[in-house]
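> kindly return the folded structure for what I paste below:
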Amino acid sequence: MSLEAEIGPVHYTLHVPALDQAGYTKLQTAVMMPVLYPRRRPLLNIIIVLVVSAVVGSMIGYLASKWSLSGQMWIGSLETGEGWALSGSEIFLAAAGLVLFAFILALMLVRLNHRRMLRRLHDASSRLLAPLTLSFGEGGILSRSEGKASINPWPRVTGLREMPGYLFILIDHATAFWLPESTLANLPDRDGFMRFLKDRIGQPAPVVPQGGVPQGGAPQG
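Below is the predicted model:
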């Protein structure tokens with residue numbers, strides 16, 4: 001029995017171009033974010049950070065006032081004698097600014113290193129990210145790329161994630177197929193294709209006997 005017969009009647013066949021570096025970064029985000037942050041709430045996280053910062057700042061200000069803390073700091077040049085004198089609350093504000101600057105700098109370095117790592121992974125995975133052909137049938141998705149073929153039954157398809165320029169079809173929360181916007185735009189019935197995917201994601205795969213007709217169903221064009 002052919003691979004096409006194993007997935008039953010094929011409703012859609014898409015020819016997908018290779019995934020570039022920018023698309024690979026989005027793919028990694030689409031796959032990893034639901035795993036690392038299954039209930040991520042960005043607005044709530046921002047509110048928590050602001051509240052914690054306000055509480056800590058208020059405590060520092062209260063303790064400084066209660067204990068009558070004071071200080072002076074002078075930053076300048078010994079040659080010219082020009083400088084910047086700080087006293088009282090200005091010292092605390094300067095210290096807070098330095099901490100914030102160090103935090104932002106560390107965050108930028110982490111993101112830069114992350115992008116460098118993704119670039120290396122993309123270069124090492126060029127064969128896996130090559131152009132492919134996806135056939136969507138009643139029993140699952142058949143993918144073909146560089147002489148290789150594999151079948152992913154619908155129970156292995158765990159979700160869809162839309163990102164700017166791409167639609168990612170998540171497989172086992174571990175990898176994903178990528179559909180560029182240019183590919184989706186060429187579909188004669190894009191809305192019908194999206195309904196087809198959403199109706200089958202997470203559903204048990206139908207039994208497809210020899211001949212390619214799902215049990216209890218009929219071939220469809």
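
> quick one, helices of the chain?
Per DSSP state H, the chain carries helices over the ranges 3-6, 21-36, 42-66, 89-124, 181-185, 190-200.

> ok, of those helices, where does mean pLDDT dip lowest?
Taking the average pLDDT of each of those, the minimum falls on helix 42-66, with a mean of 65.

> would you enumerate the residues in contact with Ala149?
By C-beta atoms under 8 Å, 6 or more residues apart in numbering, Ala149 lies in contact with Leu3, Leu142, Ser143. In this view, the C-beta of every residue, glycine as well, is placed from N, C-alpha and C.

> for it, list each beta-bridge partner.
Arg144 (DSSP bridges).

> circling back to that earlier point, which of the contacts of Ala149 are buried?
Neighbour-count burial (16 or more other C-beta atoms under 10 Å) applied to the contacts of Ala149 gives Leu142, Ser143.

> how about the contacts of Ala149 in a markdown table, adding distance to Asn186?
Shown next, in a markdown table, are these (distance: C-beta to C-beta, whole Å):
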| residue | distance to Asn186 |
| --- | --- |
| Leu3 | 24 |
| Leu142 | 20 |
| Ser143 | 18 |
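
> relative to Val110, which of the contacts of Ala149 is nearest.
Proximity of the contacts of Ala149 to Val110 was ranked by C-beta to C-beta; the top entry is Ser143 with 33.7 Å.

> double-check that closest one against Leu132; I have them as touching.
Yes: the criterion here is C-beta atoms under 8 Å, and Ser143 meets it with Leu132 at 5.4 Å.

> shared neighbours of the two, anything?
Taking C-beta under 8 Å, 6+ apart as the contact criterion, the common neighbours of Ser143 and Leu132 are Phe177.

> give me the domain ranges for the protein.
Per automatic domain parsing, the domain ranges recorded for the chain read 3-18+130-200, 42-73+84-124.

> sweet, I'm off.
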